[in-house]
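>>> need coordinates for the below:
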Amino acid sequence: MAILAGLEKEKAVLWRIYANVAKQEKTISLGELRNDSRALYCFHEAIINALRPTLKEGIRSIILASPPRTNYSQEFITHVRQHHAWLSQGSTKVVFSEIVGTAGTPSQVAALTRTAVFHESIEQTTSEETEDLVKLLDRRLNISKSEQAVLFSLEEAEASILKRRGTGEPKPEYLLLTDKYLHSNSQRNRLNRLIQIAANKNVKTRTINAESPAGKRITQLGGLVCLMKGSEKF
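Just a heads-up that it's a prediction; the model follows:
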């Protein structure tokens with residue numbers, strides 16, 4: 001799953017991209033001219049605020065589409081780098097990619113998502129996002145603090161995700177597993193139930209190709225890991 005942001009002269013249109021479907025999320029209007037720096041700043045801030053609920057769900061891949069011969073995507077990325085450093089580090093890091101095209105209407109998005117360039121961009125951002133999660137995992141493994149623990153078994157992950165917690169107690173943040181672990185597990189029904197419960201409890205789940213570099217790292221740790229929430233905040 002990824003977010004497609006169609007950046008245009010006077011508006012931005014956000015779409016949630018599933019396997020074969022694009023669902024419109026929100027439209028943000030600029031309201032002023034793009035050469036008004038204050039208005040452009042507020043416009044970019046409005047886009048960030050519109051993205052926050054999606055980011056909290058754990059979606060980290062964002063594709064920026066802007067028409068030919070414009071620099072709308074670069075302007076937005078510059079704004080992010082200058083004012084939202086939290087989007088480039090830790091568990092809140094977002095992977096941006098840029099493509100040329102218009103994504104303001106359903107027909108435009110349908111045409112864009114059929115292109116090879118779009119599919120290459122999806123693969124690139126998803127791969128980079130997964131690599132970032134493994135880097136986060138390795139950092140957590142090197143930290144002994146209990147609030148940044150890593151759990152290594154289905155039983156531990158299940159107990160942690162099902163547990164009722166009081167205020168301030170560390171919570172599960174990510175459930176990472178390989179596709180091979182998912183499909184070959186003798187307790188697949190139990191595992192699928194846990195994945196559903198994790199989603200309902202806002203634990204971000206990622207199923208990773210076991211043959212990818214990230215998948216091989218997860219396999220070294222048993223095929224499934226659960227990361228407890230760290231100190232990063234939105």
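>>> all contacts plus neighbour counts: C-alpha atoms, from now on.
Will do.
>>> domain ranges for the chain, per the record?
2-132, 143-228 (automatic domain parsing).
>>> weakest of those by average pLDDT?
Sorting the domains of the chain by mean pLDDT places domain 143-228 lowest, at a mean of 88.
>>> quick check: end-to-end length of that one?
End-to-end span of domain 143-228 (Cα to Cα, to the nearest Å): 12 Å.
>>> returning to that earlier point: can you redo the domains of the chain as a markdown table with mean neighbour count?
Output for these, formatted as a markdown table (neighbours: other Cα atoms under 10 Å):
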| stretch | mean neighbour count |
| --- | --- |
| domain 2-132 | 17 |
| domain 143-228 | 17 |
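>>> just give me the residue closest to the centre of this structure.
residue 60 (1.8 Å; Cα atoms, centre = their mean).
>>> how near is that one to residue 15?
The spacing between residue 60 and residue 15, counted by Cα to Cα, is 14 Å.
>>> repeat that for residue 201.
Residue 201 is 23 Å from residue 15, by Cα to Cα.
>>> what do you get for residue 41?
Distance from residue 41 to residue 15, by Cα to Cα: 21 Å.
>>> kindly report the same for residue 24.
In terms of Cα to Cα, residue 24 sits 4 Å off from residue 15.
>>> and the longest helix anywhere in the chain, what does it pack onto?
Ranked by number of residues, the top helix in the chain under DSSP state H is helix 116-141. For helix 116-141, the packing partners by 3 or more Cα pairs under 8 Å, 6 or more residues apart in numbering; DSSP states H and E come out as strand 61-66, strand 95-100, strand 150-151, helix 213-220.
>>> got the phi/psi numbers for the residue nearest to the centre of the chain?
phi -120, psi 0 (degrees, to the nearest 10).
>>> quick one: contacts for the closest residue to it other than its chain neighbours?
Counting by Cα to Cα, 6 or more residues apart in numbering, residue 94 is the residue found nearest to residue 60 once chain neighbours are left out, at 4.7 Å. Going by Cα atoms under 8 Å, 6 or more residues apart in numbering, residue 94 touches 60, 61, 62, 87, 88, 129.
>>> report the contact partners of the first one.
Right, the one you point to is residue 60. Taking Cα under 8 Å, 6+ apart, one finds 2, 92, 93, 94, 95, 129 in contact with residue 60.
>>> where's residue 25, which helix or strand?
In this structure, residue 25 sits in strand 22-29 according to DSSP states H and E.
>>> who does that strand touch, helix- and strand-wise?
Packed against strand 22-29 by the contact rule (3+ Cα pairs under 8 Å, 6+ apart) you find strand 11-17, helix 37-56, helix 106-112.
>>> for these, give me TSV that also has distance to residue 120.
As requested, these are exported to TSV (distance: least, Cα to Cα, whole Å):
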stretch	distance to residue 120
strand 11-17	14
helix 37-56	22
helix 106-112	12
